[in-house]
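K.L.:
give me a model of this one.
(one chain, ligands or ions: 1)
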Amino acid sequence: MEQISMDPDIFVFHNVISSAEIAILDREMEAFLVPAKVATPEGEKVSSYRTVKSVRLPHVNVSREVNLLAVRLHKRMSDLSDFNLDSYSDVMQVLKYDFGGHASIHNDYFKNSSSEDRIATILFYLNDVSSGGGTVFFDLNLTVQPEPGKAVLWYNLNLDTFDYEERNIHASCPVKIGSKFALTQWVLEHRQMFNRPCLRPPKLRQYK
Ligand SMILES: O=C(O)CCC(=O)C(=O)O
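P.N.:
Purely as a prediction, here's the structure:
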């Protein structure tokens with residue numbers, strides 16, 4: 001494990017998913033990938049802002065082998081992040097960016113005071129991308145380049161106050177050669193109330 005940023009904390013983990021596990025996802029999930037939608041005021045839409053194919057995992061139509069792998073990956077993500085994850089409600093997303101595929105600059109929180117927010121993001125990289133495809137944190141001058149088996153963990157909320165961590169604004173750079181294969185877990189905040197209690201009152205965040 002490496003800590004690639006101290007303030008805010010960002011961690012990189014190596015060899016957290018094996019090539020055999022990646023091969024299962026690659027073989028079984030391709031058929032289910034569809035253009036990802038983003039939330040807009042008019043509802044969820046396919047958008048030029050995030051051009052990636054995705055599928056939720058666990059998934060009703062995939063084999064038992066894949067859903068058992070999803071349970072193992074949840075346990076692993078929970079162990080490495082110390083967050084509480086539920087295999088059925090905290091779904092992961094398998095992501096495939098083809099040539100030119102990217103996610104424009106954004107933060108992963110919703111900033112919607114009436115719903116729970118995403119406290120953290122855990123992103124597993126499942127292949128090498130020889131050109132493009134890095135996850136770039138603009139304010140921190142940091143780029144994490146995909147490598148099979150590597151994962152990155154960042155916090156969308158400050159762990160002391162649960163204020164929005166705006167400095168973790170990021171993007172997925174356009175893929176210039178081949179494709180980028182990844183798996184993301186957005187960690188929701190409510191389930192963390194006992195293992196990651198909010199220690200100080202928020203400075204900016206408004207609760208309804
Ligand atoms: O794929 C990446 O590197 C980042 C993914 C991301 O930011 C997203 O899907 O919201």
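K.L.:
going forward, measure contacts between C-alpha atoms and count neighbours the same way
P.N.:
Noted.
K.L.:
what residues does the chain put near the ligand?
P.N.:
Residues of the chain lying near the ligand by Cα under 6 Å from any ligand atom: 103, 134-135, 171-172.
K.L.:
need the max-distance pair from those.
P.N.:
103 and 134 (10.5 Å; Cα to Cα).
K.L.:
give the intersection of the neighbour lists for the two.
P.N.:
Counting by Cα atoms under 8 Å, 6 or more residues apart in numbering, the contacts common to residue 103 and residue 134 are 172-173.
K.L.:
ok, the residue nearest the centre of the chain - contacts?
P.N.:
For the chain, the residue nearest the mean C-alpha position is residue 184 (3.3 Å; Cα atoms, centre = their mean). By Cα under 8 Å, 6+ apart, the residues touching residue 184 are 92-95, 121-124.
K.L.:
confirm that it sits in a strand.
P.N.:
Yes - assessed by DSSP: H, G, I helix; E, B strand; the rest coil, residue 184 belongs to a strand.
K.L.:
what's opposite it in the beta bridge?
P.N.:
For residue 184, the beta-bridge partners under DSSP bridges are residue 93, residue 123.
K.L.:
mind checking pLDDT for it?
P.N.:
Residue 184 is assigned 97 on the pLDDT scale.
K.L.:
gap between it and residue 54?
P.N.:
Using Cα to Cα, to the nearest Å, residue 184 is found at 10 Å from residue 54.
K.L.:
anything in contact with each of these two?
P.N.:
Residues touching both residue 184 and residue 54 by Cα under 8 Å, 6+ apart: 93-95.
K.L.:
how about those residues in CSV, adding distance to residue 77?
P.N.:
Below are these laid out as CSV (distance: Cα to Cα, whole Å):
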residue, distance to residue 77
93, 13
94, 14
95, 17
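K.L.:
filter those residues down to the buried ones.
P.N.:
93-95 (16 or more other Cα atoms under 10 Å).
K.L.:
tell me the one of those residues nearest residue 35?
P.N.:
The closest of those to residue 35 turns out to be residue 95 (Cα to Cα; 9.6 Å).
K.L.:
tell me how far whichever strand or helix holds that closest one lies from the chain's centre.
P.N.:
Using DSSP states H and E, residue 95 sits within strand 92-97. Computed by Cα atoms, centre = their mean, to the nearest Å, the chain-centroid distance of strand 92-97 equals 9 Å.
K.L.:
right, I'll call it a day here.
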